[in-house]
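Novice: Model the following, please.
(chains A and B)
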Amino acid sequence: MNEWTNTDREPDPLPSSLPGPTAPGLGEPQAEVEETLKRIQSHKGVIGTMVVNAEGIPIRTTLDNSTTVQYAGLLHHLTMKAKSTVRDIDPQNDLTFLRIRSKKHEIMVAPDKEYLLIVIQNPCE
Amino acid sequence: TATRAQSGLLEPAGSAGVAVLATGGVASSPGPGRPGPLQDETLGVASVPSQWRAVQGIREETKSCQTVSIATANASAQARNHVDAQVQTEAPVPVSVQPLSQYDVPRLAAFLRRVEAMVIRELNKNWQSHAFDGFEVNWTEQQQMVSCLYTLGYPPAQAQGLHVTGISWNSTGSVVACAYGRLDHGDWSTLKSFVCAWNVDRRGLSPRQPSAVVEVPSAVLCLAFHPTQPSHVAGGLYSGEVLVWDLSRPEDPLLWRTGLTDDTHTDPVSQVVWLPEPGHSHRFQVLSVATDGKVLLWRGVGAGQLQLTEGFALVMQQLPRSTKLKKHPRGETEVGATAVAFSSFDPRLFILGTEGGFPLKCSLAAGEAALTRMPSSVPLRAPAQLTFSPHGGPIYAVSCSPFHRNLFLSAGTDGHVHLYSMLQAPPLISLQLSLKYLFAVRWSPVRPLVFAAASGEGDVQLFDLQKSSQKPTVLIKQTQDESPVYCLEFNSQQTQLLAAGDAQGTVKVWQLSTEFTEQGPREAEDLDRLAAEVAT
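Specialist: As a prediction, the model looks like this:
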């Protein structure tokens, strides 16, 4: 007997005695976001962390507003340019990570189709 | 012969027109000695043609003339439509605080889950990497030496023997203005003096001809350009007045003045500073300090009048006592203020340099009333919060570090420069730079460890605390005859320029070498470390 199971349906969530990202409730993804950002921010030498959406508008940040707006706008443009550069050279290729090293610190951008994660680190010399 | 006798009567000259004498016969002409019957004879008419006068006959010739045909052509012209347009720069709108936009939490969580591992890995690699150790990139052409770019002066002021007493760069960094006056406090209060401005970015810069000159009825002792308006400049006069000019209006540059009221300073104004108005960050007020002990805040109201909004008075009795200060104040002696510098980190905190040689830490928010009998329309308050250890003579300049919230420099007539931290009274470092007076000291706007000082020996000394904390890195000789350099200012837009004015009435614009304009990688940390060496 061949029974086709419906693979579209998500499996039933685990009972909430185990804390996990798929536990029900709106608080969990929010807490996970906070924790992840805090982990990155507390890493050695990190000066600031921010998340920017696909239009270049910041949605989470640890820096002050004017600096954040400046970084978000400029790095969004640069990431789009870098991505198109990579795609133009080889259409099968795509941008995975962008690092800019300057005299004072290093800026790291992790791009995605919906968001950008920007981390500014002061590396040890 | 007979013909010969005829020739005695008429003289045929040439061959033209010989008259023929119509006679009856040759023998019939009566001549002397010829016997003949007396008879009447009619002789013909003898005509003698003129040899030299020609018959004026009418000579005819037919000529005609015709003008050349006029060439004509048709052409039409049409005035083009034109539209007037104007360009006006506006003061930059202050960046408004944008609320963070709404987002979809689960998708953000999913995104972070995807990238976190990679980012952490890169952060770790970076922290341990030595790939870039000692790797430096030079983007600009390296300038090895300090050179004098321009030597500017205004001959009428120099002819009167005026000194350059104040100097300022405007907000765009392209115009340098200098104030002429005398600093040796003679009876020069009735002497006309000048404020001159040169545009160093303009191609046809003529060093002897400023692009703007303002005649001022009294000696100007200090000058400060407006922080955002490129043509407004404030100056403090020997008479105690504070004036604000607009250099873009040559026919009537005076914008505001304090006038000589009860509120005005009674002594020459030592320094003027522009401050943002609390609450309106794009409007500015003028703060003036003078040796009469008053620190006054002025605002421009209509009709060109500067009105006093706040005032402070320094009274000896009210100064916070520090153990170094042995003087016991008696009565209400005023303490003359000779220099002022505002902190770049706290806009209400300022440092005052005094005639007594001790810097004072003051605040605009101080509330205590000043014990002074000086008349004023606004209640005067006592601003001092901390008294620092004194110099050996009056202080002529103070400057707060743009990179560290607690550090400031002061320089005075004892030839020493003191580096103070606002947290303690004795100085962190005390350097003797000159055997004569020091008239100005300024922190560099780009290098946290560099400052410049102007000395009475005619030189500008550039100190780099990273290289040496004992002697200047560069000594620029500004005047040849050792006449003092009275003022200097760094250009915060074009950071390689430093302007200094001296007693000969010349302003020299120096181009600094690249080592003074580019920040090294760890300078801010070195400055912090210096400040942390607080001697206890």
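Novice: so where's the stretch 401-536 of chain B uncertain?
Specialist: Residue ranges of the stretch 401-536 of chain B with pLDDT under 70: B:520-521, B:533-536.
Novice: Go again with 80.
Specialist: The stretch 401-536 of chain B contains residues with pLDDT under 80 at B:466-470, B:514-536.
Novice: Can you identify each of the helices in it by residue range?
Specialist: Using DSSP state H, counting those that start in this stretch, the helices of the stretch 401-536 of chain B run over B:523-532.
Novice: can you give me the strands for it?
Specialist: Using DSSP state E, counting those that start in this stretch, the strands of the stretch 401-536 of chain B run over residues B:407-412, B:416-421, B:429-432, B:438-443, B:450-455, B:459-464, B:474-477, B:485-490, B:497-502, B:506-511.
Novice: Next: chain A.
Specialist: Along chain A, the segments classed as strands by DSSP state E run A:46-53, A:58-61, A:98-101, A:106-111, A:115-121.
Novice: weakest of those strands in terms of mean pLDDT?
Specialist: Per-stretch mean pLDDT for the strands of chain A is lowest at strand A:58-61 (a mean of 88).
Novice: and it, anywhere near chain B?
Specialist: Yes - in terms of C-beta under 8 Å from any C-beta of the partner chain, part of strand A:58-61 sits within range of chain B, namely A:Pro58, A:Ile59, A:Arg60, A:Thr61. No exception for glycine: its C-beta is placed from N, CA and C like everyone else's.
Novice: Name the nearest residue to the third one, sequence neighbours excluded.
Specialist: Take A:Arg60 and drop its neighbours on the chain: the residue closest to it by C-beta to C-beta, 6 or more residues apart in numbering or on different chains is A:Val51, 4.3 Å away.
Novice: ditto for B:Val233
Specialist: In this structure, B:Val233 finds its nearest non-sequential neighbour in B:Phe225, 5.0 Å apart by C-beta to C-beta, 6+ apart.
Novice: okay but that neighbour is in contact with B:Ser171, surely?
Specialist: Yes - using C-beta atoms under 8 Å, B:Phe225 is in contact with B:Ser171, at 6.4 Å.
Novice: Compare these two (neighbour count), which wins?
Specialist: B:Phe225 (23 against 17; other C-beta atoms under 10 Å in any protein chain shown).
Novice: Comparing the strands of chain A, which stretch has the densest surroundings?
Specialist: Greatest average neighbour count among the strands of chain A goes to strand A:115-121 (a mean of 24), per mean count of other C-beta atoms under 10 Å in any protein chain shown.
Novice: Quick check: chain neighbours aside, which residue is closest to B:Leu449?
Specialist: Ranked by C-beta to C-beta, 6+ apart and with sequence neighbours excluded, the top spatial neighbour of B:Leu449 is B:Leu465, at 4.2 Å.
Novice: Let me see the contact set for the one you found.
Specialist: B:Leu449, B:Val450, B:Phe451, B:Asp526, B:Leu530 (C-beta atoms under 8 Å, 6 or more residues apart in numbering or on different chains).
Novice: any idea which of those is closest to A:Glu28?
Specialist: B:Asp526 (45.9 Å; C-beta to C-beta).
Novice: Quick one: distance of the helix ranked longest in chain A to the chain centre.
Specialist: The residue-count maximum for a helix in chain A (DSSP state H) belongs to helix A:65-89. From the chain centre to the centre of helix A:65-89 is a distance of 14 Å (C-alpha atoms, centre = their mean, to the nearest Å).
Novice: Stretch B:446-455 too?
Specialist: Centroid separation between stretch B:446-455 and its chain, computed with C-alpha atoms, centre = their mean, is 22 Å.
Novice: Please apply the same query to stretch B:125-143.
Specialist: Stretch B:125-143 sits 38 Å away from the centroid of its parent chain (C-alpha atoms, centre = their mean).
Novice: Would you tell me whether it gets close to chain A?
Specialist: Yes - with C-beta under 8 Å from any C-beta as the measure, stretch B:125-143 is seen reaching chain A through B:Asn126, B:Trp127, B:Ser129, B:Phe132, B:Asp133, B:Glu136.
Novice: and the second one, what helix or strand is that in?
Specialist: Translated: B:Trp127. helix B:105-128 (DSSP states H and E).
Novice: and what of the fifth one?
Specialist: For B:Asp133, there is no host helix or strand (DSSP H and E).
Novice: same deal with the last one?
Specialist: Assigned by DSSP H and E, B:Glu136 falls within no helix or strand.
Novice: residues touching B:Ile70, list them.
Specialist: If a contact means C-beta under 8 Å, 6+ apart, then B:Ile70 has no contacts.
Novice: Need the three-state assignment for it.
Specialist: Following DSSP: H, G, I helix; E, B strand; the rest coil, B:Ile70 is assigned to coil.
Novice: hmm, which two among the residues of stretch B:125-143 next to chain A are most spread apart?
Specialist: Across these (C-beta to C-beta), the longest gap, 20.3 Å, separates B:Trp127 and B:Glu136.
Novice: returning to what we had before: between the residues of stretch B:125-143 next to chain A, which is closest to B:Gly153?
Specialist: Nearest member of the residues of stretch B:125-143 next to chain A to B:Gly153, counting by C-beta to C-beta, is B:Glu136, at 39.8 Å.
Novice: From B:Glu515, how far out is the closest one?
Specialist: Per C-beta to C-beta, to the nearest Å, B:Glu136 is found 12 Å from B:Glu515.
Novice: sorry, back to before: JSON lines for the residues of stretch B:125-143 next to chain A, including neighbour count?
Specialist: Converted to JSON lines, the residues of stretch B:125-143 next to chain A look like this (neighbours: other C-beta atoms under 10 Å in any protein chain shown):
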{"residue": "B:Asn126", "neighbour count": "24"}
{"residue": "B:Trp127", "neighbour count": "16"}
{"residue": "B:Ser129", "neighbour count": "13"}
{"residue": "B:Phe132", "neighbour count": "12"}
{"residue": "B:Asp133", "neighbour count": "8"}
{"residue": "B:Glu136", "neighbour count": "9"}
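Novice: Convert stretch A:28-46 to CSV, retaining C-alpha atoms only.
Specialist: This file holds the C-alpha atoms of stretch A:28-46, laid out as CSV (Å, rounded to 0.1, in the frame of the first residue of the first chain):
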residue,chain,number,x,y,z
GLU,A,28,10.8,33.0,21.3
PRO,A,29,12.0,34.4,18.0
GLN,A,30,12.3,37.8,19.5
ALA,A,31,14.5,36.4,22.3
GLU,A,32,16.5,34.5,19.9
VAL,A,33,17.2,37.7,17.9
GLU,A,34,18.2,39.5,21.0
GLU,A,35,20.5,36.7,22.1
THR,A,36,22.2,36.3,18.7
LEU,A,37,22.9,40.0,18.4
LYS,A,38,24.2,40.1,22.0
ARG,A,39,26.5,37.2,21.3
ILE,A,40,27.9,39.0,18.2
GLN,A,41,28.2,42.3,20.0
SER,A,42,30.1,40.9,22.9
HIS,A,43,32.7,39.3,20.7
LYS,A,44,36.3,40.5,21.1
GLY,A,45,36.8,43.9,19.7
VAL,A,46,33.3,44.5,18.3
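Novice: Contacts for it, please.
Specialist: Applying C-beta under 8 Å, 6+ apart, the contact partners of stretch A:28-46 are A:21, A:48-49, A:51, A:60, A:62, A:117, A:119-124, B:105-106, B:108-109, B:112-113, B:116, B:119-120, B:123-124, B:126-127.
Novice: Go again with 7 Å.
Specialist: With contact meaning C-beta atoms under 7 Å, 6 or more residues apart in numbering or on different chains, stretch A:28-46 is reached by A:21, A:49, A:60, A:62, A:119, A:121-124, B:105-106, B:108-109, B:112, B:116, B:119-120, B:123, B:127.
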